[in-house]
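Engineer: Just to be clear, the model below is a prediction. Sequence and coordinates:
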Number of protein chains: 2
Amino acid sequence: MKIGIVFGGVSFEHEISIVSSIAMKDVLKDELIYIFLDQDRTFYHIPTATIKSKLFSSGEYKKCDTLTLKKGGFSKKAMFGEKELDVDVLLNLTHGGDGEDGLLASLFEFNNLAYIGPRKGACAVAFNKFLTKGYAASTGVKTIDYNYFTKDDEVIVDTFPVIIKPVTLGSSIGVSIVKSQEELNYALDVAFEFDDAIIIEPFISGIKEYNLAGCKVNGEFLFSIIEEPQKAEFLDFDKKYLDFARTSTALTADLSETMQEKVKETFKKVYNNTFEGSLIRCDLFIENDEVYLNEINPIPGSMANYLFEDFNAVLTSLAKALPKTRQIKVDYAYVNKIQASKGK
Amino acid sequence: MKIGIVFGGVSFEHEISIVSSIAMKDVLKDELIYIFLDQDRTFYHIPTATIKSKLFSSGEYKKCDTLTLKKGGFSKKAMFGEKELDVDVLLNLTHGGDGEDGLLASLFEFNNLAYIGPRKGACAVAFNKFLTKGYAASTGVKTIDYNYFTKDDEVIVDTFPVIIKPVTLGSSIGVSIVKSQEELNYALDVAFEFDDAIIIEPFISGIKEYNLAGCKVNGEFLFSIIEEPQKAEFLDFDKKYLDFARTSTALTADLSETMQEKVKETFKKVYNNTFEGSLIRCDLFIENDEVYLNEINPIPGSMANYLFEDFNAVLTSLAKALPKTRQIKVDYAYVNKIQASKGK
């Protein structure tokens, strides 16, 4: 199968998308075609043999062929006319903005392209931590209590410590743990630098965190192992960053059968049919044998490959079972009826 | 101001988008430029002077100039090269699919176009009635109880009557009131013909319904009157359809000052900052002096012009206060750091 990896994007996670994408060379056996979206929203075809992170930081990628997105695929200028890029399926590996907010999903849908990745409705609820809370509630999944504030709101915190999160940033960007009133204003400034809205949750020191990745293929869930990620007090961008380059297999968390089942049931409720077509990683908390959803990563770092025994097989089977777009036949029954009644 | 009305789209509400858009000629004083998206997802420039619904039902629109969407605007082929379509701001009037599901919002954002209409995150929560429930909950707004089912689920209903709604259809398409077990299967067939997921709510006969439209301009809410819409048992597509051609002013509902305030407070919570850039209509229920959100219409029929005293002034002031896209500067700090630590 020829997999077109779409990465980069106008996003605070632009760089980690590059690292994530390069990691795919080590874990996917398929033919990979690299499609880079730069900060000016131009697509480039990056040769697979020579791809490396420096190509992007140096700006050298601009020497690569530019691509035009059209109905049915990407194409580049050729000697005579245009040449289609030969791709069977796209893999959306654009973390954060553009990739996880539904923008690329919309472009792909508009142009009739098959892709692995969250559909636009799924993006909205995963990308915005505030909407994730509401989504979780409607699927019957617990989350940590929270308050929501926008830029102009007066922010009042009664009990410390709290954790402050911009609603639409990933990879812990703009996130702070605040232990006292004195630290609050600075943390708010940091968070609002990245976003117009935030959520504030109580910070529960030492809460157990678990990650589970998976996807639904022909009605069956394919799960990864459940990992208890290594963490400092919380993972900041620098530390989380390492996840994006990870390709070695992780160790299974020490959880009872019952709790493993509970974690998987929670994942299923979250995945629902909303996330069909994508391989997601759920970051969950467990406290007093209750499972709480922390975050949905609809395009996890390096596709969470390190959590799967046979990542290549999982991704390939997902690629072959992508959701079909519902065919909508436009007709003019009502317009015709009105015209008939008007007699014209 | 030159307003480009984008309408049509691959949608079950394609036709009513046409009717809605033509109605704008009667209520907007600005120069209007009509941009039609047909069922093959080609854009056409329809001359304003001669636009009428028959042009579309007959297929005659195909004789109009096609448009290409590019960075900064729409353009058409000209004698020499290309000619840009002269538009100051777009008005997204594509009801249902493409318009209200975030697809066009993404295309506009990708191409840096200014537009009146819901942003992509707002689309997701308004378009999907299931996500609307979760969204309402997280903004502290009440909704009617519901159950959510996907196509493969066993649907059990204990107490009749209920109302069955496909989650992503507007204008009452696929909606049924079910009074007994015998009627259930047929109603489910109808609903699942249009969608892969549904919600089922208790049907509360005679519940009072109210509509309020509005938008936020520079931090201030501009509200329409509150209308108690005329309705039969519930409004089916035929009856609701008339709304889309409405241009005469509605009558204010008979509500106490207190209840009017409650309705407006509910609207504000729903609008939040999520719907910035759009003029929305909230359909609300009132029972026992409690306000419940029924539906968010982020692109209401004929823009709910008939609810405003001076619709033209409201739309123009919204057009001048559209939300700015946050500028994201891509840098390569982390990639550079890794390269430095690797010594290459």
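Structural biologist: Everything's here; your move.
Engineer: Show me how far the longest strand along chain A is from its chain's centre.
Structural biologist: For chain A, the strand with the greatest residue count under DSSP state E is strand A:208-217. Averaging C-alpha positions (CA atoms, centre = their mean, to the nearest Å) puts strand A:208-217 13 Å from its chain's average.
Engineer: partners of the helix or strand following it, with directions?
Structural biologist: Per DSSP states H and E, the first helix or strand lying C-terminal to strand A:208-217 is strand A:220-227. Sheet pairing of strand A:220-227 (DSSP bridges) gives strand A:208-217 (antiparallel).
Engineer: Just the residues contacting the partner strand, thanks.
Structural biologist: Contacts to strand A:208-217, defined as CB atoms under 8 Å, 6 or more residues apart in numbering or on different chains, come from residues A:221-229, A:231, A:253, A:255, A:263-264, A:267, A:271, A:273, A:275-276, A:278-287, A:294, A:300, A:304, A:307-308, A:314, A:317-318, A:320-321. Yep, even glycine has a C-beta here, placed from its N, CA and C like the rest.
Engineer: Show only the entries of those residues found in helices.
Structural biologist: In this view, those that belong to helices under DSSP state H are A:263-264, A:267, A:271, A:314, A:317-318.
Engineer: Dump the residues you listed to TSV, plus neighbour count, distance to B:L107 and pLDDT.
Structural biologist: Compiled in TSV, the ones in helices among the contacts of strand A:208-217 are given as follows (neighbours: other CB atoms under 10 Å in any protein chain shown; distance: CB to CB, whole Å; pLDDT from 0 to 100):
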residue	neighbour count	distance to B:L107	pLDDT
A:V263	21	38	98
A:K264	17	37	98
A:F267	25	32	98
A:Y271	22	28	96
A:V314	23	32	97
A:S317	15	31	97
A:L318	22	26	98
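Engineer: quick one: which two of those residues are the most distant?
Structural biologist: A:V263 and A:S317 (22.1 Å; CB to CB).
Engineer: A:D254: what's it in contact with?
Structural biologist: A:D254 touches A:E228, counting by CB under 8 Å, 6+ apart.
Engineer: phi, psi of it?
Structural biologist: Per-residue torsions, A:D254: phi -90, psi 90 (degrees, to the nearest 10).
Engineer: Would you mind measuring from it to B:E287?
Structural biologist: In this view, A:D254 and B:E287 are 51 Å apart by CB to CB, to the nearest Å.
Engineer: The stretch 101-250 of chain A against chain B: which residues are in contact?
Structural biologist: Contacts of the stretch 101-250 of chain A with chain B, taken as CB under 8 Å from any CB of the partner chain, map to A:101-103, A:105-107, A:109-110, A:120-121, A:123-125, A:127-128, A:130-131, A:133-139, A:148, A:150, A:152, A:168, A:195-197, A:219, A:237-238, A:241.
Engineer: among those, which ones are buried?
Structural biologist: A:101-103, A:105-107, A:109-110, A:120-121, A:123-125, A:127-128, A:130-131, A:133-139, A:148, A:150, A:168, A:195, A:197, A:237, A:241 (16 or more other CB atoms under 10 Å in any protein chain shown).
Engineer: In strands only, show me those.
Structural biologist: Using DSSP E, these in strands are A:148, A:150, A:197.
Engineer: residues in contact with the second one?
Structural biologist: Shown in contact with A:T150 (CB under 8 Å, 6+ apart): A:196-197, B:272-273.
Engineer: How about A:T325: what's its closest non-neighbour residue?
Structural biologist: Closest residue to A:T325 apart from its sequence neighbours, by CB to CB, 6 or more residues apart in numbering or on different chains: A:E109 at 6.7 Å.
Engineer: do A:F130 as well
Structural biologist: A:V167 (4.7 Å).
Engineer: Could you tell me how many residues sit around the one you found?
Structural biologist: A count of neighbours around A:V167, defined by other CB atoms under 10 Å in any protein chain shown, yields 23.
Engineer: would a markdown table of the ones in helices among the contacts of strand A:208-217 with distance to B:T143 be doable?
Structural biologist: Converted to a markdown table, the ones in helices among the contacts of strand A:208-217 look like this (distance: CB to CB, whole Å):
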| residue | distance to B:T143 |
| --- | --- |
| A:V263 | 29 |
| A:K264 | 29 |
| A:F267 | 26 |
| A:Y271 | 23 |
| A:V314 | 37 |
| A:S317 | 38 |
| A:L318 | 34 |
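Engineer: and A:F80, that one's in a strand?
Structural biologist: No - read with DSSP: H, G, I helix; E, B strand; the rest coil, A:F80 is coil and lies in no strand.
Engineer: Could you give the backbone dihedrals for it?
Structural biologist: According to degrees, to the nearest 10, A:F80 has phi -120, psi 110.
Engineer: A:E15 versus that one, what's the distance?
Structural biologist: The value you get for A:F80 to A:E15, if CB to CB is used, is 37 Å.
Engineer: who has more neighbours, these two?
Structural biologist: The residue with more neighbours, out of A:F80 and A:E15, is A:E15; 26 against 6, by other CB under 10 Å.
Engineer: Just want the phi and psi numbers for the more buried one.
Structural biologist: phi -70, psi -40.
Engineer: Hmm, A:I198 and the residue nearest to A:F130 touching each other?
Structural biologist: Yes - assessed by CB atoms under 8 Å, A:V167 is found in contact with A:I198 at 6.2 Å.
Engineer: for chain A, what helix or strand is lowest in average pLDDT?
Structural biologist: helix A:237-241 (a mean of 58; mean pLDDT, DSSP states H and E).
Engineer: Kindly export stretch A:153-171 (C-alpha atoms) in CSV.
Structural biologist: Extracted in CSV, the C-alpha atoms of stretch A:153-171 (Å, rounded to 0.1, in the frame of the first residue of the first chain):
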residue,chain,number,x,y,z
ASP,A,153,-13.6,36.6,32.4
GLU,A,154,-12.6,37.2,36.0
VAL,A,155,-10.8,34.1,37.1
ILE,A,156,-11.4,33.1,40.7
VAL,A,157,-9.7,30.0,42.2
ASP,A,158,-10.7,28.9,45.7
THR,A,159,-8.5,25.9,46.3
PHE,A,160,-5.0,25.2,45.2
PRO,A,161,-3.2,23.5,43.6
VAL,A,162,-4.9,23.7,40.2
ILE,A,163,-3.8,22.9,36.7
ILE,A,164,-4.5,25.5,34.0
LYS,A,165,-4.8,24.4,30.4
PRO,A,166,-5.4,26.3,27.2
VAL,A,167,-8.4,24.6,25.6
THR,A,168,-7.0,24.0,22.1
LEU,A,169,-3.3,23.2,22.7
GLY,A,170,-1.7,19.8,22.8
SER,A,171,1.6,18.5,24.2
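Engineer: Whichever of the contacts of strand A:208-217 end up buried, select them in ChimeraX.
Structural biologist: Selecting only the buried entries of the contacts of strand A:208-217 in ChimeraX, with 16+ other CB under 10 Å as the criterion:
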select /A:222,223,224,225,226,227,228,253,255,263,264,267,271,273,275,276,278,279,280,281,282,283,284,285,286,294,300,304,307,308,314,318
